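> got a predicted structure plus its sequence, pasted below:
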Amino acid sequence: MYSPRKVLATPESLQFGFPYTPYAIQEQLMQELFQVLERKQIGIFESPTGTGKSLTLTCGALTWLQQHEQLVRSELLQRIDGVETQLEKLQAASAKAEDWITAQSNTLQQRQELQQLHKLRTLLQQKELELEQIKQRKKQQQKQQRTARKAIDLPGESVEQEELLVESDEEPAEAEQDLELSEERFRDVQIFFCSRTHSQLAQIVAELRKTPHGRQVRCISLGSRQQLCINSQVRKLSNVALMNERCLDMATRPKTHPANPSKKPRLQAGEEASGRCEFKAPAKLQKLSDVALCEPLDIEELATEGAACGSCPYYATRAAQAQAQLVLLPYPMLLQRSSRQQLGIDLRGAIIIVDEAHNLLDTIAQLHSSELTLAQLQLAKEQLVAYKSRYARRLSSANLLRINQLIFVVRRLLQLLQLDAEPRMLRTYELTAEGDFFNIDLHDVLQFCSCKRLAQKLHGFGQKLQSDPLPSENRPPATQQLLQRLAKEHQLSQSTKKRKLQQEEQQEQQKQEHPIQQSTLPKSTVPSPIRPLLSFLETLTSDAADGRILLNPKTQTLKYLLLNPADHFADIVAEARALIIAGGTMQPTHELTAQLFAQCPERVVERFYSHVVPADAVLPFVLPTGPTGAKLCFNYAQRANPAMLKEFTMVLQNLCSVVPSGLVCFLPSYDYLDMVYAQLQQSGALQRISQRKRVFRESAGGSVEQLLQQYAETIGDGDGGGALLLSVVGGKLSEGLNFADNLGRGVIVVGLPYPNRQAPELKERMRHLDEQLGNGAGNEYYENLCMKAVNQCIGRSVRHIRDYACVYLLDERYTSPRIQQKLPAWIARHLSVASDGFGAVQAGTARFFKAKT
C-alpha cells in the first residue's frame, strides 16, 4: 500500500456528492470526518437520530477515498519519475566522486526505492486490468441476457448454456482458488462500514444509490448464511449453527457420481443435497461477484440475484470483498477476529466506521462471551466417546491423546455442573483447578481440533450415527437413542420437559413392540455441541484478568463473561488507518475512551452535533406528579402499587385525549407492560382509550413487522384519534425503528429502566470497572446503561427537520440535574418540569399541537 506524502485539502460542502442540500451540521460532520481520515485519527461523532448521520458518514468517507486514490496514482507516477531523475544524477556524480563508497550507498538506496515503486506500479496496473475485465464481463453478461430474451424460443441457445454450466463444475477446487486469492496484489484503502442490523445496512445501500458515488463505487454487502444461502436443503434448517454445519459439509465435499446409475441410492427424499453444493461452482461465483461489484446491492437483492443466476451469494460476496472499496457488514463480522480471518478481511490501512455505536462496549463483550449447557456437554461427551471407539485403531497416539484430554475436560465440566451448589463467579484458572484439568495444555488441544477439523468431522459423525442401519430390528443403538432424546430435550421448555419425556418413553415402548423403518426416524435438530465447547475452551486460554466464569448448577450452565473488551479491539485500533465511532447517543464517552483507546489518547477526536430540527419542534416534559398530585416513582419497589398503577392509568388516558395520531409509550419490562395492560382492562380505561385510539402492545415473542404495519395502517386511515402503542425499553421497537411524523407525535418513557443490580454478571462487571477505572466507575456504568436506553426511546420521536413531537418523562427522578445532564442536549435545553401539576402539561400539549396545525 502506497502512502502519499501530500496532504489532501478539506473540500467544500458541495464537493461531497451529498444528494440533498446539506444542513449546517451535516456540512460540518463531513468536513471534520474528512480531516480525521486524512490525519489517521480516531473520531467519536455524536449526531442525533434523524439527522441523516449514516448518509453523511458515507458521503464524507467516499469523497476522501476517491481523492485519496487519485492522489496515490498521480503521486506514484511522479515519484517514479523523480527517483529516476535523481538516480541518474547520483550515478553521474558517483563517477566523479572521490568517496566512491558513500556515492554507491546513496545510489543503492535510490535503486531499491525505485524497484519498490516499479513493483507497486505493476501491481496497480494489474489491479486496474482486473477491474476493467470485471466491467467487460458484466457487459458481456448483460449482452447475453438481452440476446437470450430475444431468442428465448430457440432451443440451441438453452442447450449451449446448459453445457457451459456443466463444464463449470469441473473447474479448479476451492483450495486452488484460495491460492490464487492469496497472491500479492495492490492494496487500496478499503472502507468497512458496520452497523447492528442488515436493515440499517440496506438503508445505506438505498441512500448510496441516490448519490454520485453510487454509480462508481464498488460496494459489497456481507451477511451470514442465514441471509444469503439459496440452497433449499440448508435454508430449511431453522438453526443458524445447523445451517453453518450443513453448508460447510456440502461446500467441501467432492462431487460424487454413482458407480451404477441404474441402482437407486439408499437415501431419503431430499438427502441428495448431502453431495457438493451445486451453487458453489467457480464460474457461477465469479459471475455473481462481477454483478455485485458493478452495482450496489443489499442483502435481499444479492440473494435474489444469486437465485436467478444459480450462484451462492455467501461465497460470491466473500470472493468479491477484496476488490471492493466499500464493505457493508454487521457487527459480528468485523468485531470478531475469527470471523475476519474466515472471511479474509484485512484491516491493515483500512477505514472502519462503526455506526449505531452507543452500545459498542456491551456488543464486544457479548460477542466474545461464551455459554455452555449441561445438554451440550452430555452430547459432546457421547459423540467424542463414540468417535474414539469407532476410530481408535486408526488414530495416531498423539491424536488419541488429544481426544482423551478433550473427553477428560468434558467429564470434569459435567461433574462441576452436576454439583448441588449455589452460582459462583470464578476466574479461568480457578475453574481449571476445580475441574482438575489445569495441567492440560488447552492451546495444544484447540490447535489439534483446528488442524484436524474435529468439529466438522464430529458433526458428520453424529449425523452418520443416526443414519446407520439398525443393528437390531427392535431397538436402535444406545448412542442414537441418546441423540434423539437430547434433540427433543433441546426443544422442550423446562416446565413441560418431564411430561414430554414420559410420553416419549411410552412411544419408545410402542416402537419396540411395532418396529419401524429407519427412514422414518426423526433426525437430530440439535446443533453440533463441539463448536460451542471449543469456543468455551478458547475463552479459558485468555488472560484471567479479562473475564470471569459464571458456574451456575441451578440453570446447568457455564458462562464466560468478558470484562475487558480492549484486548479484542486492540488489533482493530492498531491495524486500521482511521476509526470512526458514531451514534445518536454517544455521551458520556469517558467510559468508551478509557476502555478502548487508553493506549492512544492522542489520536482520539470527539465531535458532538445538535439536532437539525428547530427549537419549537419538540416539547419535552418531566412529570414528577400525576393528575391527583401524587408523586410518580416507577422504581421496582413501587411501580406495582395499585395507587401507582391507577395514577399512570389516568396519565395515559389524559394524554391520549390531547396527543393526535400516534402515541408510543415505553415501559420498563414486558412483565410490567402486562401488568399495566391488565390494570387498563380492569379499570375500564382501556375501553375509554379505545374509543379515541386503538391500543396495540408489543409482546416478547411477537412479530414486530406485523405489529408496526397494523399500527401504521390505523394511523394512516385518518379516522378517530390514531393509535396507542405500548412498548418496552430495550425491546425491538426502542432502537433502530422510525416513528416519524404521525407515527410518533408523542413519546412517553415510564420510569428509569435500570437493569437488575443483583444479576451476577452486572455485579461482576461493576466491580471490575471500580478496580480498573476507580471507585464510582461501576455506578457510572450502571446509570449510563439506563440513560442510553432512555435516550434511544426519545430518539424515536423526531426523525427529520419538519417533524415535531412531545416527549413525556414520567418519574420524579428525572428532576435530578445529574439525570438531566445525561439526556440529549436538544432535549435537555428545552426540558420543562411540570412543578405546577399535570394540568399544565395537558394544556401545554394542546397549545403545542394547535400551533402546529
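Sure thing, it's come through. Residues are numbered from 1 along each chain as shown.
> how about the helices in the stretch 51-200 of the chain?
53-96, 100-150, 155-168, 174-181, 198-208 (DSSP state H, counting those that start in this stretch).
> any chance of those helices in CSV, plus mean pLDDT and distance to residue 336?
The C-beta positions use only the backbone N, C-alpha and C, and glycine is treated the same way. As requested, those are exported to CSV (pLDDT from 0 to 100; distance: least, Cβ to Cβ, whole Å):
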stretch, mean pLDDT, distance to residue 336
helix 53-96, 88, 22
helix 100-150, 81, 28
helix 155-168, 33, 33
helix 174-181, 38, 21
helix 198-208, 90, 17
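> so which of the ones you listed is nearest residue 250?
Proximity to residue 250 (Cβ to Cβ) singles out helix 174-181 among those, at 11.9 Å.
> what helix or strand is residue 352 on?
strand 351-354 (DSSP states H and E).
> contacts for the next helix or strand after that strand, please.
Later in the chain than strand 351-354, the nearest helix or strand by DSSP H and E is helix 360-367. Here helix 360-367 makes contact (Cβ atoms under 8 Å, 6 or more residues apart in numbering) with 196, 331-332, 335-336, 354, 561-563, 565, 568-569, 581, 591-592, 595-596, 765, 785.
> now stretch 838-848
By Cβ under 8 Å, 6+ apart, stretch 838-848 touches 619, 621, 623, 625-627, 651, 654-655, 658-659, 746, 804, 806, 808, 832, 834.
> pretty sure residue 556 contacts residue 376?
No. With contacts defined as Cβ atoms under 8 Å, residue 556 does not count as touching residue 376, sitting 9.9 Å away.
> tell me which of these two has more neighbours.
residue 376 (25 against 16; other Cβ atoms under 10 Å).
> quick one: mean pLDDT over the helix or strand where that one lies.
Using DSSP H and E, residue 376 sits in helix 374-391. Across helix 374-391, pLDDT averages out at 92.
> distance between that helix and the chain's centre?
Counting by Cα atoms, centre = their mean, to the nearest Å, helix 374-391 is centred 32 Å from the centre of its parent chain.
> show me the shaky parts of the chain.
95-100, 103, 146, 148-183, 251-275, 465-526, 718-720, 735-737 (pLDDT under 70).
> now the closest residue in space to residue 210 that isn't next to it in sequence: how far from residue 220?
Leaving aside its sequence neighbours, residue 210 sits nearest to residue 19 (Cβ to Cβ, 6 or more residues apart in numbering; 4.1 Å). To residue 220, residue 19 is 21 Å away according to Cβ to Cβ, to the nearest Å.
> more crowded one of these two?
Shown here are residue 19 and residue 220; by other Cβ under 10 Å, residue 220 has more neighbours (25 against 16).
> angles on the backbone of the more buried one, please.
Main-chain dihedrals, residue 220, degrees, to the nearest 10: phi -130, psi 130.
> show me what contacts it?
Contacts of residue 220 by Cβ under 8 Å, 6+ apart are 292-293, 317, 320-321, 324, 326-328.
> apply 10 Å and report the result again.
190, 289, 292-293, 296-297, 302, 316-329 (Cβ atoms under 10 Å, 6 or more residues apart in numbering).
> same deal with residue 571?
337, 340, 347.
> so the second one versus residue 327, what's the distance?
Meaning residue 340. Taken as Cβ to Cβ, the span from residue 340 to residue 327 is 11 Å.
> overlap of the contact sets of these two?
192, 333-334.
> narrow those residues to those in strands?
residue 192 (DSSP state E).
> looking at the shared contacts of residue 340 and residue 327, spot the one nearest residue 9.
residue 192 (25.3 Å).
> for the closest one, give the beta-bridge partners.
residue 327, residue 352 (DSSP bridges).
> just use 352 as the starting number from now, easier for me
Shifting the count to begin at 352 puts that one at residue 543.
> give me the number of residues near it?
24.
> shouldn't it be in contact with residue 705?
Yes. With contacts counted by Cβ atoms under 10 Å, residue 543 reaches residue 705, the gap being 9.0 Å.
> overlap of the contact sets of the two?
Counting by Cβ under 10 Å, 6+ apart, the shared contacts of residue 543 and residue 705 are 685, 923, 930.
> all the strands of the stretch 702-851 of the chain, residue numbers only.
702-705, 721-724, 775-777 (DSSP state E, counting those that start in this stretch).
> and the contacts of the last one?
Read it as strand 775-777. Contacts of strand 775-777 (Cβ under 10 Å, 6+ apart): 767, 781-786, 895, 899-904, 909-910, 912, 1111-1112, 1114-1115, 1118.
> start and end of stretch 893-909, how far apart?
16 Å (Cα to Cα, to the nearest Å).
> buried stuff in it?
Using 16 or more other Cβ atoms under 10 Å as the test for burial, stretch 893-909 gives 893, 897-904, 907-909.
> now, which of those residues lie within helices?
If you go by DSSP state H, those have nothing in helices.
> farthest-apart pair in the residues you listed, please.
Longest span within the buried residues of stretch 893-909, Cβ to Cβ: 897 and 907, 25.2 Å.
> check which helix or strand covers residue 668.
Applying DSSP H and E, one finds residue 668 within helix 664-671.
> other SSEs contacting that helix?
Judged by 3 or more Cβ pairs under 10 Å, 6 or more residues apart in numbering; DSSP states H and E, the packing partners of helix 664-671 are helix 525-532, strand 570-572, helix 576-579, helix 591-603, helix 633-645, helix 650-660, strand 677-681, helix 688-694.
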